[in-house]
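Requesting a structural model of the entry that follows:
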Amino acid sequence: MPELPEVEVVRRGLARWVRGRTITGVDVLDPRSIRRHTLGTEDFIGNLVDATVLDVVRRGKFLWMPLAMPGSPDVDPGINPGDLPKVALMAHLGMSGQLLMQDPEVADEKHLKVRIRLSTVADMPEQLRFVDQRIFGGLFVTSLVPTVDGGPGGLGETPLPEIAEEASHIARDPLDPFFSFDAFYRKVKGRKTGLKRALLDQSVVSGIGNIYADEALWRARLHYARATDTLRRADAERLVEAARDVMNAALDAGGTSFDSLYVNVNGDSGYFARSLNAYGRAGELCGRCEAIGLRSIIKREQFMNRSSYTCPVCQPRPRNGRW
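Numbers count the residues shown, from 1 in each chain. Prediction:
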């Protein structure tokens, strides 16, 4: 599955190309890719045609585009909440979903599922295409609901205090400007579980998947089985900062690219996989230990039907860990 930096790369690309443009037409080439829109193809198309894309917003790995319907007033979140958009186009990338901007003369991709035509803007592609080989992802129209804390729904270009209904249950992610460390630390301390399990719990913090959890824990010098109720505030602060650092580094590189099917909105692969320090490096020397003259081999252990990668020297196993 794409992780948060991959989805943020897509969000930034889409915001550049589609924000403020009107949807002029929609072609559903494979209804399976809109199966989450339970009212069917005609309703899906009817909700999109003539709507204007106001923004592209992300919370965790959830990605949505708030839509202004024809005749809607200009949106001013600070003046009239009644004028806020009511619906959004939700994109779920799944294992292999791609959102690509293309000109009409570009031949259809082999696994093109949905084509969205946009109003003409000089020097901008006119089509947003959803391509998905494995068909685990999809598009659907969803309702927007007010955020619990009154802040923006997620990371976007405008401060709309609304969130896609499907994403309303998850916590903010470390890259969200409205992320609250105090709320995160309170939730972590209130659980009796292992630290990595807490990081993967979206009600605690969103957007941290298996790859970036291992990388953040390595940077913070913390073991994945550290008991959360024993975590000191300073350790938690170091972990959140490590998560931010590793995600920002991935963003700079365009995201990880273990799966060649993942590309960003323009079709460019990411290269951050070359810079991983722990994940996928079982049997290799720990670079941090090697730099100070120590020889330590990264270990791989089974974890929740996945894998965890740690350095036994700079991430020692806790005596009273929770696996």
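
Just give me the neighbour total for residue 92.
Counted with other C-beta atoms under 10 Å, the burial measure for residue 92 works out to 18 neighbours. Where you see a C-beta, it was placed from the backbone N, CA and C, and this is true even at glycine.

Give me the phi and psi angles of the residue lying closest to it once chain neighbours are set aside.
Of all residues not flanking residue 92 in the chain, residue 137 sits nearest, at 4.9 Å (C-beta to C-beta, 6 or more residues apart in numbering). Backbone dihedrals for residue 137, given as degrees, to the nearest 10, come out at phi -90, psi -170.

The one 10 residues further on too?
Reported as degrees, to the nearest 10, the phi and psi values for residue 147 are phi -70, psi 150.

next one: the one 4 residues further on
Note on residue 151: backbone dihedrals following degrees, to the nearest 10 are phi -90, psi 180.

any idea how far residue 54 is from it?
From residue 151 over to residue 54 the distance is 17 Å, taken as C-beta to C-beta, to the nearest Å.

before we move on, what about residue 117?
Distance of residue 117 to residue 54, computed by C-beta to C-beta: 18 Å.

Give the full set of residues in contact with the residue nearest in space to the middle of the chain.
Among the residues of the chain, the one closest to the centroid is residue 61, at 2.5 Å (C-alpha atoms, centre = their mean). If you count contacts by C-beta atoms under 8 Å, 6 or more residues apart in numbering, residue 61 has them with 1-4, 7, 93, 206-207, 209.

For this protein, name the helix or strand with the lowest mean pLDDT.
Taking mean pLDDT, DSSP states H and E as the measure, helix 4-18 is the helix or strand of the chain with the lowest mean score, a mean of 89.

Now do the buried residues in that helix.
Neighbour-count burial for helix 4-18, with 16 or more other C-beta atoms under 10 Å as criterion, is recorded at 4-15, 17-18.

quick one: the strands in this structure?
In the chain, the strands defined using DSSP state E lie at 23-28, 52-53, 57-59, 62-68, 87-92, 98-102, 112-118, 127-131, 138-146, 162-164, 299-303, 306-310.

worst average pLDDT in those strands?
Of all the strands of the chain, mean pLDDT reaches its minimum on strand 98-102 (a mean of 92).

Can you name the residues bridging to residue 100?
According to DSSP bridges, the residues that bridge with residue 100 are residue 129.

I'd say it and residue 116 touch.
No. With contact defined as C-beta atoms under 8 Å, residue 100 and residue 116 do not form a contacting pair (10.8 Å).

Mind listing the shared neighbours of these two?
Jointly contacting residue 100 and residue 116 under the rule C-beta under 8 Å, 6+ apart are 128-129.

Now for the residue nearest to residue 159 when sequence neighbours are not counted: which residues touch it?
On the basis of C-beta to C-beta, 6+ apart, the spatially nearest residue to residue 159 that is not a chain neighbour turns out to be residue 152, at 4.6 Å. Remark: with contacts taken as C-beta under 8 Å, 6+ apart, residue 152 is in contact with 57, 158-161, 177-178.

redo that, cut-off 10 Å
The contact partners of residue 152, by C-beta atoms under 10 Å, 6 or more residues apart in numbering, come to 55, 57, 59, 77, 158-163, 172, 176-178.

go on, residue 86?
The neighbourhood of residue 86, defined by C-beta under 10 Å, 6+ apart, consists of 66-69, 72, 143-145, 162.

and if you look at residue 289?
Applying C-beta under 10 Å, 6+ apart to residue 289 gives the contacts 295-298, 311-314.

again, only using 7 Å
When contacts are counted by C-beta atoms under 7 Å, 6 or more residues apart in numbering, residue 289 is found next to 296, 311, 313-314.

any chance of the contacts of residue 152 in JSON lines, plus distance to residue 245?
Conversion of these to JSON lines gives the following (distance: C-beta to C-beta, whole Å):
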{"residue": "55", "distance to residue 245": "27"}
{"residue": "57", "distance to residue 245": "23"}
{"residue": "59", "distance to residue 245": "20"}
{"residue": "77", "distance to residue 245": "31"}
{"residue": "158", "distance to residue 245": "27"}
{"residue": "159", "distance to residue 245": "25"}
{"residue": "160", "distance to residue 245": "28"}
{"residue": "161", "distance to residue 245": "29"}
{"residue": "162", "distance to residue 245": "30"}
{"residue": "163", "distance to residue 245": "26"}
{"residue": "172", "distance to residue 245": "18"}
{"residue": "176", "distance to residue 245": "16"}
{"residue": "177", "distance to residue 245": "16"}
{"residue": "178", "distance to residue 245": "19"}
